[in-house]
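In: coords please:
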Amino acid sequence: MQHLHTIQDPKSALPVDVTPDAVPLESDENALGTLLVDLSEQLRFVRGQLVLTDRRLLACEPPAVTVDSDAAPWTGWRLDEPAADRLRLRHLDHAGVGTLELHDDERRLAVWRFTLAQNVHALRLVTLFEMQQARQPWRGGTPTGNPPMDELTLCPSCRAPLPPDSEECPVCTREVQAVPSTWVLLRLWRFARPYRKPLAAGFALTLASTAATLVPPYLAIPLMDDILIPFQNGKAIDPMLVLTYLGGLLLAALLAWGLGWARTYLLALVSERIGADLRTATFEHLLQLSLDYFGGKRTGDLMARIGSETDRICVFLSLHALDFATDVLMIVMTAVILCSINPWLAVVTLLPLPFIGWMIHTVRDRLRTGFEKIDRVWSEVTNVLADTIPGIRVVKAFAQEGRETQRFKDANQSNLQVNDRLNKTWSLFTPTVSLLTEIGLLVVWAFGIWQVSKNQITVGVLTAFIAYIGRFYGRLDSMSRIVSVTQKAAAGAKRIFDILDHVSNVPEPASPVALTQPKGRIELSGIGFRYGNRSVIRGLDLDIRPGEMIGLVGHSGSGKSTLVNLICRFYDVTDGAIKVDGVDIRRYSVADYRRHIGLVLQEPFLFFGTIAENIAYGRPEASREDIVAAARAAHAHEFILRLPQGYDSLVGERGQGLSGGERQRISIARALLIDPRILILDEATSSVDTETEKEIQTALDNLVQGRTTIAIAHRLSTLRKADRLVVMDRGLIVEVGPHDELISRRGAYWRLYEAQARQVDANDQDHRNVLESTLLASTSSHAERPV
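Out: Here you go, the predicted structure:
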C-alpha cells in the first residue's frame, strides 16, 4: 500500500495535492490527477475523492456518516487493459451542480456530483482521462507508466493539457458546446422574408449584370478571327463591322454598369433594414428575458453582440453576400460558356477547382471556430471598459488606474494572440489559392497553344478562353477571400441567435387575465424558490390586505429581497403561488402587472437625460403639471428649482450630478407619478444621512398613503408606522405582528431591535467622546494662549 503524494513536476498539467488519506496504489503506479467529490446523491455536502493514475481510475465513495477516512471504500476501473477502451467519462453541469458519469458501451457504471467550485478540476480530470486512454498500447500510444509530461502543451490560462494538434483549450472553452455552422446564416431568412420582392429584384439584377459582363470576352472571338488576323494576312478591315463589335462592347459595359449600380443600391438598402430589424429584435427579446439571464452575463459582452455582431452581419449582407452571389453566377455561367466553345479546353480550365474547394472546406472549420473565439476574447476587452468607465470614481478613489490599465492590456494581449493564430492559417490559405489559379492559367496556355498548333481551335477562341479564365479564376480567388468574412458573420450570427433562442424563465401567459383596477391584496400560498440547488425561500405563507403596510425585517440573506423580487415577478416561484386580488400573478400579462407596481430601490438608477424625463420614465406621456406635482409630493421640487435649468437640467449618467438623497427623491417622484397600487420600498433610506433620511421619510409618507406597501429596512426605527412587521430567517417567516406586540414577545424581532439599539447607543457614545475630546483640546489651547 502506498500513499498518494504531490507530483512535483512543474510541467505537470494538474499538480495533485491530495489529503494524506490512504490510497490503494500499486507498485510503481503514479497519480496523475484528483478531484474532490463534495456532494452526495442527495446533494448533501460530503467528502469523497476521484484519483486518476496511469493504470486506473480510483473512487473513494463519500461515507454515509462521518467515519475515519482510511475506512472509506475504494473502487477502481483498470485503464491498462483492452476492455478499458469501452470506458467513457462524461462531464455535465446544471443548476450549480457538476456531474461526472462513467459509462461503458452498455450502461452507466458510476456517477459523482460536486459543486462548481470543483468544475475546472473535473474538466482537467476528464482531459487527462482521455489522454491516458489514447496512450495505451492497443491504441498505438506509449507503454503504460507515467506519461511523458514533457510532451504536453499546457493552456496558458488554466494550465490544463491541450489536445494534440490543437490550440483550443477544452477547459477554457467548456461553455461553447455547439460549433458555429455556416448554415446558421440561413436563419437570417426570418428577417429577410419581409423584403422578398426587393431581394428577388436584386437577384434578377445580379443575374442580368453578370450576363452583361460576360459579353465582351465572347465578342473578342470575331474581333480576333474576323478582323485582326485576316488584316495581318492582307485582308482589308471592314469599318462598319468594327464599329458594330465596338458598339456591342460599349453597350455591354454601360449595361453592366447600370445594372450593377441598381443592384448594389437596392440590396444595400435591404441589408441595412435587415440589420436594423435584427438589432431591434435582439434588443427587444433581451428586455423580455428574466433577471437571472442578466446575472450570468457581462454588460460588455451583450453590448458587443447587439452592436458589433449585428454590424458585421449587416456588412456581410450588404457587400459580401452580394459578391458571393455574383461570384457563383459568374463561375457557373463562365463554365457553361467555356464548355460550349471547347469542352476539352474547359475541362483543363476547371482542373484546379476541386483542389480549391477542398482547401476552402478544410480551412473553413478552423476559421469559423477561430472567429468565434475572437468574438469571445473581444467581449472581454469590452467587459473591462464596461466595468471601468461606470466605476471610474471608485477606480480613482482607490488609485487603481494602473491595475485597470493592466487588465485592459491583458485582455488586449489575449485578443492579439488569438488573432495572430488565426492569421497564421489565413495568410497561408489566400496565397495558396492564388498559386493554384496561376498554375491553372499556365496549364490552359500550354494546352491552348498545343490545340492552336494542331488547328483544333483558332487564336480568337484561345483569346476568349484566356479572357474568360481571368474572370473565372478571379471569382474563385474572390470566393476564397469571402470565406473569412462568411465565417465571421456565421460566428456573429450564432452569438446573436444565442440571445434570440433563450427562453425567459418568466413567460407570458397564453391567455392573460386583464388587470384594470387592482385592489392590492397579495396572498402568498406555500411559496418556495431555489437559486440553482440552493433553497432560498420555502413553505412561506402570508396574506397582505389592500392598503396595508408590511415591513420585512431580518438578517442579511434571510430572503427579504428575494421575496420582493418574486412579488414583482422578476423571478417565478418554484413552489406554491403568489396571488394578487385572488388571481395567480402568472396569469397576468407581465407588463400589465408591473404597471401597477412602484419600486423604490436602495440605489436609485437615473438615466442620462433631463430631470423631467427621469421622473416621467414610467409615464412618458405625463404633463409637466403632473411631473411637478409628483416632485412636490416627493419633496424634490425645491432642489430641482435650484438647478440651472430646473426640470430641464441634464442628469449625468446614473445621476452623477446629484447627491444620493436627491437621486432618491427623484426615484420616489418617479414612483408617485405612475400612481401604483402596490409599492415596494427596498432599503430606500439606508444609504443617506439622518437629515436626508427625514426628508425622504416625509416623502415616503406621502407615497404609501392608500397603497399596499412592502418595505425592507435594516433601520427598524423606519418601520414603526408599518401595520405589521414580518420577520424572516433563512427563507422562513418566524414572526408576524405590530412593533409593540413583537417587542413584548421578546422573540426574534426583539433580539434584532435590542442589538440595533445597543449599536446606536455605542455609536452615540463614541460621538459624544469625540465631541468632549474636541472641546477639551479647544479649552486647553485657549488657556495656554498668551494675553
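
In: which neighbouring elements make contact with the one helix or strand Trp358 maps to?
Out: Using DSSP states H and E, Trp358 maps to helix 352-388. Helix 352-388 is packed against helix 299-304, helix 401-453, helix 459-500, with contacts defined by 3 or more Cβ pairs under 8 Å, 6 or more residues apart in numbering; DSSP states H and E. Where you see a C-beta, it was placed from the backbone N, CA and C, and this is true even at glycine.

In: now Gln451. Nearest residue, chain neighbours left out?
Out: Closest residue to Gln451 apart from its sequence neighbours, by Cβ to Cβ, 6 or more residues apart in numbering: Ile457 at 4.7 Å.

In: right, and that neighbour touches Ala346 too?
Out: No: using Cβ atoms under 8 Å as the test, Ile457 is too far from Ala346 to be in contact (11.6 Å).

In: buried deepest among the helices and strands packed on helix 352-388, which one?
Out: When you average the neighbours per residue for each of the helices and strands packed on helix 352-388 (mean count of other Cβ atoms under 10 Å), helix 459-500 leads with a mean of 21.

In: quick one: list the elements packing against the helix or strand just after that one.
Out: Next helix or strand after helix 459-500 toward the C-terminus (DSSP H and E): strand 522-531. Under the contact criterion of 3+ Cβ pairs under 8 Å, 6+ apart, strand 522-531 touches strand 534-544, helix 560-567, strand 575-580.

In: in strand 522-531, what counts as buried?
Out: Ile522, Glu523, Leu524, Ile527, Gly528, Phe529, Arg530 (16 or more other Cβ atoms under 10 Å).

In: so it versus strand 575-580, what angle?
Out: Going by axes from the mean of the first three to the mean of the last three Cα atoms, to 10 degrees, strand 522-531 is angled at 140 degrees with respect to strand 575-580.

In: what's strand 522-531 in contact with?
Out: 96, 535-544, 562, 566-567, 571, 573-580, 582, 678, 708, 710, 731 (Cβ atoms under 8 Å, 6 or more residues apart in numbering).

In: what pairs with it, parallel or antiparallel?
Out: Sheet pairing of strand 522-531 (DSSP bridges) gives strand 534-544 (antiparallel), strand 575-580 (antiparallel).

In: with mean pLDDT and distance to Ala192 added, can I get those in JSON lines?
Out: Converted to JSON lines, the strands paired with strand 522-531 look like this (pLDDT from 0 to 100; distance: least, Cβ to Cβ, whole Å):
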{"stretch": "strand 534-544", "mean pLDDT": "85", "distance to Ala192": "44"}
{"stretch": "strand 575-580", "mean pLDDT": "90", "distance to Ala192": "42"}
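
In: for Glu735, which non-adjacent residue is closest in space?
Out: Nearest to Glu735 is Val727, by Cβ to Cβ, 6+ apart, at 4.0 Å.

In: quick one: what helix or strand has that neighbour in it?
Out: strand 724-729.

In: show me what the next helix or strand after that strand is packed up against.
Out: Per DSSP H and E, the first helix or strand lying C-terminal to strand 724-729 is strand 732-737. Here strand 732-737 touches strand 534-544, strand 724-729, helix 739-745, helix 748-784, going by 3+ Cβ pairs under 8 Å, 6+ apart.

In: hmm, who's touching the strand holding Val727?
Out: So strand 724-729 is in contact with 542, 548-555, 558-560, 563, 719, 733-739, 742, 747-749, 752, going by Cβ under 8 Å, 6+ apart.

In: and the helices and strands packed on strand 732-737, which one is worst for confidence?
Out: Comparing mean pLDDT across the helices and strands packed on strand 732-737, the weakest is helix 748-784, with a mean of 60.

In: so Leu52 lies in a strand, does it not?
Out: Yes: with DSSP: H, G, I helix; E, B strand; the rest coil as the criterion, Leu52 is part of a strand.

In: nice, that's everything, thank you.
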